[in-house]
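Participant: Predicted model and sequence below, questions to follow.
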Amino acid sequence: MATKKVAVKKTAAKKAPAKASSAAASSAASALTSQPTSKLQAATQAQLYLATDDAWSARYWNDGDLHAMERKLFG
């Protein structure tokens, strides 16, 4: 009589995910709960220091500025 081989599925033991430190978890939770009330406050809170107005675009339309010359030449 011939014996029949049966395939056995091997699985690795699942590991529990590592828990985040309590300081990092609390800072992430506080960042989500406090909503900024203005664009400037939101930019500061997110550490984005881009202009929140259109003052940066004035040099692109000033004919004496190099930015305006680049806009005309390459635009």
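Facilitator: Ah, there it is.
Participant: Can you tell me which helices and strands the helix or strand containing Met69 packs against?
Facilitator: Following DSSP states H and E, one finds Met69 within helix 66-74. If you count contacts as 3 or more CB pairs under 8 Å, 6 or more residues apart in numbering; DSSP states H and E, helix 66-74 packs onto helix 58-61. Every C-beta, even on glycine, is put in place using the N, C-alpha and C of the backbone.
Participant: For the helix it packs on, output the C-alpha coordinates as PDB.
Facilitator: Taking C-alpha atoms only, helix 58-61 is exported to PDB below (Å, rounded to 0.1, in the frame of the first residue of the first chain):
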ATOM      1  CA  ALA A  58       3.600  91.600  -6.600                       C
ATOM      2  CA  ARG A  59       7.200  91.100  -7.700                       C
ATOM      3  CA  TYR A  60       6.000  88.900 -10.600                       C
ATOM      4  CA  TRP A  61       4.000  91.800 -12.100                       C
END
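Participant: tell me the mean pLDDT over it?
Facilitator: Averaged over helix 58-61, pLDDT sits at 86.
Participant: Please name every helix or strand in contact with it.
Facilitator: For helix 58-61, the helices and strands in contact under the criterion 3+ CB pairs under 8 Å, 6+ apart are helix 66-74.
Participant: Flag every buried residue along the helix it packs on.
Facilitator: Within helix 66-74, the residues that qualify as buried are Ala68, counting by 16 or more other CB atoms under 10 Å.
Participant: Find the least confident helix or strand in the protein, judged by mean pLDDT.
Facilitator: Taking mean pLDDT, DSSP states H and E as the measure, the helices and strands of the chain show their lowest mean at helix 22-33, namely a mean of 60.
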